[in-house]
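>>> this one's sequence-less:
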């Protein structure tokens with residue numbers, strides 16, 4: 001029998017949501033998506049699954065989002081026909097967990113209830129009243145859940161166990177690249193460059209002013225030696241003036257967004273993958289495993305990360321990449337000393353990366369759906 005999964009999401013246009021829906025559908029589930037959007041216009045489908053539109057919310061406007069969530073909790077009965085009969089109610093992030101919990105309670109109390117937390121928002125670890133209130137809500141709601149999905153073991157070890165004392169069963173589902181098309185050729189191939197100027201690629205969700213400042217300093221102090229290539233979706237509200245800062249430095253360029261079809265050429269055109277995260281330094285940024293770690297891993301990209309983070313530990317366990325304590329001061333001298341032989345050693349290490357460490361396929365999709373149904 002096909003499992004019916006109702007998936008509550010915070011942003012139906014988020015590429016990570018599209019990937020998860022594709023995994024669920026490939027795993028054999030019948031999926032309906034219920035969620036907010038950040039776009040002007042409604043989104044009718046996500047990876048082939050129909051979407052129930054809850055309206056528009058805005059990045060960083062937490063007050064507005066909280067009001068929208070409360071409104072939907074109150075109106076949850078309107079979702080009855082969609083949620084009724086679900087085998088699994090899956091909620092992405094805490095705000096959607098509240099809506100999902102209410103809708104499930106009304107019409108599908110026997111369905112499996114799963115909380116998917118793939119990032120720890122800075123507000124969740126705040127020391128003020130807001131942070132304490134959010135943690136209290138999070139401690140209460142997941143106790144009703146049958147399963148918690150996380151993308152990094154550090155979220156459990158550093159947050160959910162010591163801070164939330166959570167006893168809910170946990171499933172680790174890393175943010176691996178998804179390849180489900182039959183006959184897809186192996187994409188593991190080393191970058192096509194091995195000489196200065198060394199190119200560092202910062203790809204994906206671009207969201208930290210500190211990271212841009214560090215890369216700008218590396219580029220400015222090492223003109224002719226280093227080039228910075230940025231591709232993806234910048235969260236402009238996070239920056240003083242993203243485009244002006246990039247345009248002011250000749251060896252930094254922004255190439256706009258990209259699609260999965262662009263990845264081979266993007267990674268063939270760089271030497272190192274910037275896998276640092278400074279969005280929530282000292283907390284979530286230390287614990288997460290970024291998408292670019294897996295995305296670049298398909299192509300034997302050499303990752304750079306911050307020492308002492310979960311990303312750095314993941315790399316060290318697999319013998320790949322290089323970590324820095326102070327990248328602004330250390331990357332330039334390290335690259336000035338880089339030889340073709342040294343670079344080739346790093347490439348060969350990346351090429352030995354186990355395929356399943358970075359790529360999820362059909363068997364992973366089936367395993368996910370089976371775990372959700374059996375939770």
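Looks like it arrived, so ask away. Not measured: the values here are computed from a predicted model.

>>> what packs against the lowest-mean-pLDDT helix or strand in the chain?
In the chain, no helix or strand scores lower on mean pLDDT, DSSP states H and E than helix 129-140, which sits at a mean of 81. Secondary-structure packing of helix 129-140 (3 or more Cβ pairs under 8 Å, 6 or more residues apart in numbering; DSSP states H and E): helix 94-107. No exception for glycine: its C-beta is placed from N, CA and C like everyone else's.

>>> the least confident helix or strand of the chain vs helix 94-107, what angle?
Using axes from the mean of the first three to the mean of the last three Cα atoms, to 10 degrees, the inter-axis angle of helix 129-140 relative to helix 94-107 is 40 degrees.

>>> buried residues in helix 129-140?
Under the neighbour-count criterion of 16 or more other Cβ atoms under 10 Å, helix 129-140 has 134-135, 138 buried.

>>> in the protein, where is pLDDT below threshold?
59-63, 182-193 (pLDDT under 70).

>>> which non-adjacent residue is nearest the spatially most central residue of it?
Taking Cα atoms, centre = their mean, the centroid of the chain lies closest to residue 291, which sits 5.1 Å from it. Nearest residue to residue 291, sequence neighbours excluded (Cβ to Cβ, 6 or more residues apart in numbering): residue 175, at 4.8 Å.

>>> and the one you found, how many neighbours does it have?
The number of residues packed near residue 175 is 22, by other Cβ atoms under 10 Å.

>>> that one contacts residue 292, correct?
No: using Cβ atoms under 8 Å, residue 175 is not in contact with residue 292; the gap is 9.3 Å.

>>> any idea which element the residue lying closest to residue 122 once chain neighbours are set aside lies in?
Using Cβ to Cβ, 6+ apart and skipping the chain neighbours, the partner closest in space to residue 122 is residue 280 (4.3 Å). Following DSSP states H and E, one finds residue 280 outside all helices and strands.

>>> do you know how far residue 280 is from residue 287?
Residue 280 sits at a distance of 9 Å from residue 287 (criterion: Cβ to Cβ, to the nearest Å).

>>> list residues touching both of these two?
Shared contacts of residue 280 and residue 287, defined by Cβ atoms under 8 Å, 6 or more residues apart in numbering, are found at residue 120.

>>> and these two? Which one has more around it.
More neighbours surround residue 287 than the other of residue 280 and residue 287, with 25 against 20 (other Cβ under 10 Å).

>>> surely that one touches residue 156?
No: the pair residue 287 / residue 156 is not scored as a contact, 9.2 Å apart, by Cβ under 8 Å.

>>> overlap in contacts, those two.
Where contact means Cβ under 8 Å, 6+ apart, no residue is in contact with each of residue 287 and residue 156.

>>> circling back: what's the first helix or strand after the least confident helix or strand of the chain?
Along the chain past helix 129-140, the next helix or strand (assigned with DSSP H and E) turns out to be strand 147-150.

>>> from the contact counts, what lies against that following strand?
strand 112-117, strand 170-172.

>>> which residues outside that strand are in contact with it?
The contact list for strand 147-150 (Cβ under 8 Å, 6+ apart) reads 112-118, 142, 156, 160, 166, 168-173, 371-372, 375.

>>> which members of those are classed as buried?
112-118, 142, 156, 160, 166, 168, 170, 173, 371-372, 375.

>>> what about residue 124, neighbour count?
Using other Cβ under 10 Å, residue 124 has 21 other residues around it.

>>> contacts only, for it.
Contact analysis of residue 124 by Cβ under 8 Å, 6+ apart lists 94, 131, 134-135, 138, 159.

>>> circling back: ok, the buried residues of helix 129-140 vs residue 29, which is closest?
When the buried residues of helix 129-140 are ranked by distance to residue 29 (Cβ to Cβ), residue 138 comes first, at 25.9 Å.

>>> how about that closest one: what's its closest non-neighbour residue?
In space, and not counting its chain neighbours, residue 138 is closest to residue 94: 5.5 Å by Cβ to Cβ, 6+ apart.

>>> what about the one you found, how many residues close to it?
When neighbours are counted by other Cβ under 10 Å, residue 94 registers 21.

>>> ok, now residue 213?
Count around residue 213 with other Cβ under 10 Å applied: 15.

>>> quickly find the element holding it.
Here residue 213 sits within helix 209-221, counting by DSSP H and E.

>>> tell me the buried residues in that helix?
211-212, 214-219.

>>> then stretch 330-337?
331-332, 335.

>>> could you dump these into JSON lines with distance to residue 348 and secondary structure added?
Listed next are these as JSON lines, based on distance: Cβ to Cβ, whole Å; DSSP: H, G, I helix; E, B strand; the rest coil:
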{"residue": "331", "distance to residue 348": "21", "secondary structure": "helix"}
{"residue": "332", "distance to residue 348": "24", "secondary structure": "helix"}
{"residue": "335", "distance to residue 348": "19", "secondary structure": "helix"}
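
>>> kindly reformat the residues you listed as JSON lines containing distance to residue 230.
Shown next, in JSON lines, are these (distance: Cβ to Cβ, whole Å):
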{"residue": "331", "distance to residue 230": "16"}
{"residue": "332", "distance to residue 230": "18"}
{"residue": "335", "distance to residue 230": "18"}
